[in-house]
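Peer 1: Need the 3D shape of this:
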Amino acid sequence: MAASRGVTVFRLPPLPTIGEVIKLFKLKAVKQLSQNFLLDLRLTDKIARSAGNLKDAHVCEVGPGPGGITRAILNAGVAELLLVEKDPRFIPGLQMLSEAAPGKVRVVHGDILTYKLGQAFPNHLIKNWEDDPPDIHIIGNLPFSVSTPLIIKWLENISKRDGPFRYGRTQLTLTFQKEVGEVDVTVVHFTPLVQPKIEQPFKLVEKVVQSVFQFRRKYCHHGIRILFPEATRLEKAEQMLMLADVDPTLRPTQLSMFHFKNLCDVYRKMCDEDPSLFAYNYREELREKRRKKSNFKRTSDDDLI
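Peer 2: As a prediction, this is how the structure comes out:
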């Protein structure tokens, strides 16, 4: 701890550099896991600053690895830092950091996709959804292999206001790697909205968006069609696009949030009118057609013997 003009500031004691930690524990980034070590202190400090004021905040860092961003977070004066790391190779180095900052750091060897963040922090931090965000932050340098399923999981948590969003509109500061093996990342800061842009169940919104982007290089009507069984596909897709006032020749990337809102609202009405519609799965229909075709071919071949 160091004092400046009467204010106590936390500073880590002298520790091996991240490069020395990597050598000490013989760590190596695994390309198959899209791992990438951030060694530039200016970059790790910038990532921590992107989260906003972390003084006395409760922070969860996702996948800290050798601990580059971790040190920047600790130097920001957090009240508590929870480190969730899946790769056991990094745990000894993180434990070293924990020992250097007693009472501030908790190290968990676990998978963030299954770890219960909704139980990770004290209940007194809970705020109403309409209030300012709680003093809780999630920070992480996400490899490509993890980023998509994790973001989808958190979006569902936001819609249900559970998991880390049980505490309120918990803020996320995440880096997304552009290329494995290069320090080339994009830092994005998220704060959940008080009122969602699309007020429909998460699973319904997810189904519509995934279907539309199934054919991302084609016109959007191709994706809309697979929301419906083959027998009514063309008719229902045309009806949905017309009611949503969406040009069928727009490509998925050209659709605005307003377009998606309209599509989801119309699809919800169609599902209400036909309760079996939401359960329809295009891929299952394809598999069933292939299975029948395969069975027919085997039967035909048997007839020729």
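
Peer 1: Quote the end-to-end distance of stretch 240-257.
Peer 2: With CA to CA, to the nearest Å as the measure, stretch 240-257 spans 16 Å from end to end.

Peer 1: Can you list the buried residues in that stretch?
Peer 2: 240, 241, 244, 246, 250, 252, 255 (16 or more other CB atoms under 10 Å). In short, each C-beta sits where N, CA and C put it, glycine included.

Peer 1: who are the neighbours in contact with the fifth one?
Peer 2: So the one you mean is residue 250. For residue 250, the contacting residues are 219, 220, 259, by CB atoms under 8 Å, 6 or more residues apart in numbering.

Peer 1: please redo it, this time with the cut-off set to 7 Å
Peer 2: 219, 220 (CB atoms under 7 Å, 6 or more residues apart in numbering).

Peer 1: Next: the third one.
Peer 2: With contact taken as CB under 7 Å, 6+ apart, residue 244 is in contact with 262, 263, 266.

Peer 1: ok so, going back, which ones among the buried residues of stretch 240-257 lie within helices?
Peer 2: 240, 241, 244 (DSSP state H).

Peer 1: Output the residues you listed as JSON lines; include the columns distance to residue 232.
Peer 2: Shown next, in JSON lines, are those (distance: CB to CB, whole Å):
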{"residue": "240", "distance to residue 232": "11"}
{"residue": "241", "distance to residue 232": "14"}
{"residue": "244", "distance to residue 232": "17"}
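
Peer 1: that older thread, compare the contacts of residue 244 and tell me which has the most neighbours.
Peer 2: When neighbours are counted by other CB atoms under 10 Å, residue 263 leads the contacts of residue 244 with 28 neighbours.

Peer 1: At the geometric centre of this protein, which residue sits there?
Peer 2: The centroid of the chain falls nearest to residue 151 when counting by CA atoms, centre = their mean (1.4 Å).

Peer 1: Would you mind putting the contacts of residue 244 into a markdown table with pLDDT and distance to residue 201 alongside?
Peer 2: Shown next, in a markdown table, are those (pLDDT from 0 to 100; distance: CB to CB, whole Å):
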| residue | pLDDT | distance to residue 201 |
| --- | --- | --- |
| 262 | 98 | 16 |
| 263 | 98 | 14 |
| 266 | 98 | 15 |
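
Peer 1: need the contact list for residue 142.
Peer 2: 62, 63, 150, 174, 175, 176.

Peer 1: so what's the first one bridging to?
Peer 2: The one in question is residue 62. residue 84, residue 140 (DSSP bridges).

Peer 1: Mind picking the one among the contacts of residue 142 that's closest to residue 278?
Peer 2: Minimum distance to residue 278 across the contacts of residue 142 is 25.2 Å, recorded for residue 150 (CB to CB).

Peer 1: from memory the closest one sits against residue 115, does it?
Peer 2: No - using CB atoms under 7 Å, residue 150 makes no contact with residue 115, being 11.0 Å away.

Peer 1: ok, so of the contacts of residue 142, who is nearest residue 125?
Peer 2: Among the contacts of residue 142, and counting by CB to CB, the member closest to residue 125 is residue 62, at 18.4 Å.

Peer 1: okay, now that closest one: neighbour count?
Peer 2: 23.

Peer 1: ok, now the one 3 residues further on?
Peer 2: Applying other CB under 10 Å, we find 27 residues neighbouring residue 65.

Peer 1: Give me the secondary structure label for it.
Peer 2: The three-state label given to residue 65 by DSSP: H, G, I helix; E, B strand; the rest coil is coil.

Peer 1: surely it meets residue 90?
Peer 2: Yes - Residue 65 lies in contact with residue 90 (CB under 7 Å); the separation is 5.5 Å.

Peer 1: Strands of the protein, start to end?
Peer 2: Assigned strands in the chain, in chain order: 2-4, 7-9, 58-62, 80-85, 105-109, 136-142, 171-177, 185-190 (criterion: DSSP state E).

Peer 1: average pLDDT across the last one?
Peer 2: In this model, strand 185-190 carries a mean pLDDT of 88.

Peer 1: who does it pair up with?
Peer 2: strand 171-177 (antiparallel).

Peer 1: re earlier: and the strands of the chain, which one averages the lowest pLDDT?
Peer 2: strand 2-4 (a mean of 48).

Peer 1: mind showing which ranges of the stretch 201-305 of the chain have poor pLDDT?
Peer 2: 296-305 (pLDDT under 70).

Peer 1: picking up where we left off before, of the buried residues of stretch 240-257, which is the nearest to residue 206?
Peer 2: Distances from residue 206 to the buried residues of stretch 240-257, taken by CB to CB, are shortest for residue 252, at 14.5 Å.

Peer 1: Go ahead and confirm the closest one touches residue 216.
Peer 2: Yes - with contact defined as CB under 7 Å, residue 252 counts as touching residue 216 (4.9 Å).
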